[in-house]
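Asks: sequence below, structure please.
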Amino acid sequence: MSITKLIGFKIYNHYLFKDGSYFGIDISGQDTQKTRKSIFSFSDTVKLNKVTSVVGINAVGKTMLINIFSGLSDFYLKEKSIDQTLLESTLKLRKNTDYIKVEARIASDDNKRYIIQTIFKQKKQEIDETSSSWYVEEEAIYSDSQRNCSRKNLFNPQKMGQPRYRSKLAKNSMLSPKDSYFRSVGIDYAPRVMSTSSFTNLNIPYHFSDKTPESLLGYLDNSIDYLRYNRDSNNDAVVSYSLKFKGSDEVITSNDFSSFSNVLSSGTIKGISLFFWILGALRSGSTIIVDEIEIHINKQIARDFIGLFMDPKTNKNNASIIYTTHYMELTNDLQRKDQEYVISRDNDTLQSSILRLSDSNARSELKNSELFESGSITNTQPDYEKYIELKSDVSKHVKELKR
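Replies: Predicted coordinates for the structure are as follows:
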């Protein structure tokens, strides 16, 4: 059984990103002995990064970028319609344009490679003129399976032969305008792209179906004595949960796991929930997306969780993680420059550029965090002049309150 994954994409006419912006988990540099633990050979021709980081200041599009990646994976590989994916809310047109073009890169571990060029358009709803829904106007599928191919041409449509066009389908085709033509390819298996974006700020408690590992509890909060799952004797279903802290005789029991958020720290709740998703990705060899990985948890915990993907003992199924962060220090652990994407916004056009650190002229002797802090890469720190203006406004406001 072959495994198929979304590798990356380019996007055009999106209101936020510059035309041709690329984001992906494939490697762009050389495979060296020093960085070999950071990557895995997905096929004879395609090598992928185990860890991919996205950094940038607020409101430049970090969350938007990873949500588009997640939406495209569901759209192409999970046979979901546009309105069943994150694409419905993340595809937004640039002013004076009427379509968005995506050029997606998809690969299988049996050396098949695809470029899918999709033209997305919006259709106004008759009932409410202010609302609209996305549909596919045209789609072209390029494919190749050559093993003797340079990395530069792995996903070059001009080197992949004649494409198959959606518009060439018979008029009585049952393909919905909201579905991808890539469904016709017929893949064996595509691991799910698991996104934690829905609980980035909510910190929703998740629990394991069997039991929360005791080692995890001890790692996150060593004041916990135990967390037990109480089961029905007839069908073995979990009916309640019991939590006890060390040094206390009280046992807190509830049939709603989320109620423990009142007695456990936000960091412990986030740690349990995040580990729940990470373990699922490691088991299935999936790609997991974690938005703002540092929220609610200690920086070292975030670093350790990311490290699980770098260790061949814990990442036996070639899972990968994509995370966004404001902790620049986390990026110092990355061994390859092509594992790092930096998003910055042009103050004149208000469009964001997606720069792969390996494509920059940054000084190689500096740590990643030092590159950002030194200003070697533009627009990666808040505007200092605006901060001075803010301090002045605060000073005036405080004086006014004293009157």
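
Asks: setting aside sequence neighbours, what's the nearest residue to residue 179?
Replies: Distances taken as C-beta to C-beta, 6 or more residues apart in numbering place residue 81 nearest to residue 179, at 5.4 Å, with adjacent residues excluded. Glycine gets a C-beta too; all of them are placed from N, C-alpha and C.

Asks: pretty sure that neighbour contacts residue 183?
Replies: No. Look at residue 81 against residue 183 with C-beta atoms under 8 Å: they stay out of range, at 10.6 Å.

Asks: of those two, who's got more company?
Replies: residue 81 (19 against 14; other C-beta atoms under 10 Å).

Asks: for that one, phi and psi?
Replies: When read as degrees, to the nearest 10, the backbone of residue 81 gives phi -70, psi 160.

Asks: ditto for residue 214
Replies: Per-residue torsions, residue 214: phi -60, psi -30 (degrees, to the nearest 10).

Asks: contact partners for it?
Replies: If you count contacts by C-beta atoms under 8 Å, 6 or more residues apart in numbering, residue 214 has them with residue 226.

Asks: where's it relative to residue 14, distance?
Replies: 46 Å (C-beta to C-beta, to the nearest Å).

Asks: residue ranges of the strands in the stretch 101-250 of the chain, please?
Replies: Applying DSSP state E, counting those that start in this stretch to the stretch 101-250 of the chain gives strands spanning 113-124, 132-144, 164-165, 193-195, 224-231, 238-245.

Asks: who are the contact partners of the residue nearest to residue 179?
Replies: Neighbour list for residue 81: 75, 176, 178-179 [criterion: C-beta under 8 Å, 6+ apart].

Asks: show me which pair in these is furthest apart.
Replies: Farthest pair in the contacts of residue 81 (C-beta to C-beta) is 75 and 176. Separation: 11.9 Å.

Asks: these two: who's more crowded?
Replies: residue 75 (29 against 12).

Asks: just for the protein, where's the confidence low?
Replies: 125-132, 200-201, 203, 361-403 (pLDDT under 70).

Asks: which residue ranges form the helices in it?
Replies: Along the chain, counting by DSSP state H, helices occupy 62-77, 87-90, 214-220, 266-284, 299-310, 368-374, 384-402.

Asks: just the C-alpha atoms of stretch 320-330, please, in PDB.
Replies: Taking C-alpha atoms only, stretch 320-330 is exported to PDB below (Å, rounded to 0.1, in the frame of the first residue of the first chain):
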ATOM      1  CA  SER A 320       6.400  15.400  10.800                       C
ATOM      2  CA  ILE A 321       5.400  18.600  12.700                       C
ATOM      3  CA  ILE A 322       4.700  22.100  11.500                       C
ATOM      4  CA  TYR A 323       4.500  24.700  14.200                       C
ATOM      5  CA  THR A 324       4.300  28.500  14.500                       C
ATOM      6  CA  THR A 325       5.900  30.200  17.400                       C
ATOM      7  CA  HIS A 326       6.900  33.600  19.000                       C
ATOM      8  CA  TYR A 327       9.700  31.800  20.900                       C
ATOM      9  CA  MET A 328      12.600  32.600  18.600                       C
ATOM     10  CA  GLU A 329      14.800  30.500  20.900                       C
ATOM     11  CA  LEU A 330      12.900  27.300  19.800                       C
END
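
Asks: next one: residue 331 relative to residue 97, how far apart?
Replies: 34 Å.

Asks: for these two, indicate the residue with more neighbours.
Replies: Using other C-beta under 10 Å as the criterion, residue 331 and residue 97 rank with residue 331 on top: 21 against 12.
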